[in-house]
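> This is the structure alone, sequence omitted:
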């Protein structure tokens with residue numbers, strides 16, 4: 001299992017506090033700020049798995065279900081869903097918690113693709129990933145479907 005790793009070994013959790021400079025005029029976290037945090041968290045999970053620098057290749061989608069407010073504590077949890085040849089798909093879940101209001105909710109999810117690179121920026125092979133739980137196996141399967149869709153979409157671009 002030298003060239004294989006478990007999903008749980010790629011997990012990265014980041015915590016951020018929403019401060020005034022992170023918000024818009026309504027006191028909600030700026031979408032761009034959240035995207036920045038998502039990219040960092042996902043990149044760390046990809047690099048942890050590959051044990052290499054990993055660069056963002058694509059973002060499938062970022063769903064915004066609930067606003068995140070000034071003063072909320074944001075927790076981002078990322079892990080590798082599937083490893084391909086030189087790339088990995090990373091899923092990230094975002095939770096916002098208000099200590100004052102005493103509530104926590106799942107506010108966002110996103111999927112990123114990263115490519116592992118060597119010191120010269122050339123793509124390099126990544127270790128395989130072994131899903132263990134039913135949820136990991138489901139995400140592993142869905143990652144292949146999303147990859148196939150990404151590749152189909154890429155063929156249709158001018």
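That came through, no problem. Fair warning: this is a prediction, and the values are worked out from it, not measured in the lab. Numbers count the residues shown, from 1 in each chain.
> Where does residue 55 sit: helix, strand or coil?
Here residue 55 is strand, with the state taken from DSSP: H, G, I helix; E, B strand; the rest coil.
> Give the bridge partners for it, please.
For residue 55, the beta-bridge partners are residue 115 (DSSP bridges).
> was I right about it contacting residue 118?
No - checked against Cβ atoms under 8 Å, the pair residue 55 and residue 118 is beyond contact range at 11.4 Å. The way it works is simple: take the backbone N, C-alpha and C, and place the C-beta from them, glycine included.
> neighbour-wise, which of the two wins?
Neighbour tally, residue 55 and residue 118, criterion other Cβ atoms under 10 Å: the higher count belongs to residue 55, 16 against 10.
> quick one: pLDDT of that one?
Confidence at residue 55, expressed as pLDDT, is 98.
> Can you name the residues that contact it?
43, 114, 115, 117 (Cβ atoms under 8 Å, 6 or more residues apart in numbering).
> now the helix or strand harbouring residue 41: mean pLDDT?
Assigned by DSSP states H and E, residue 41 belongs to helix 31-50. Averaged over helix 31-50, pLDDT sits at 97.
> got it, and stretch 61-68?
The pLDDT scores in stretch 61-68 average 90.
> Check which residues of the helix holding residue 41 are buried.
Going by neighbour count (16 or more other Cβ atoms under 10 Å), the buried part of helix 31-50 is 33-34, 37-50.
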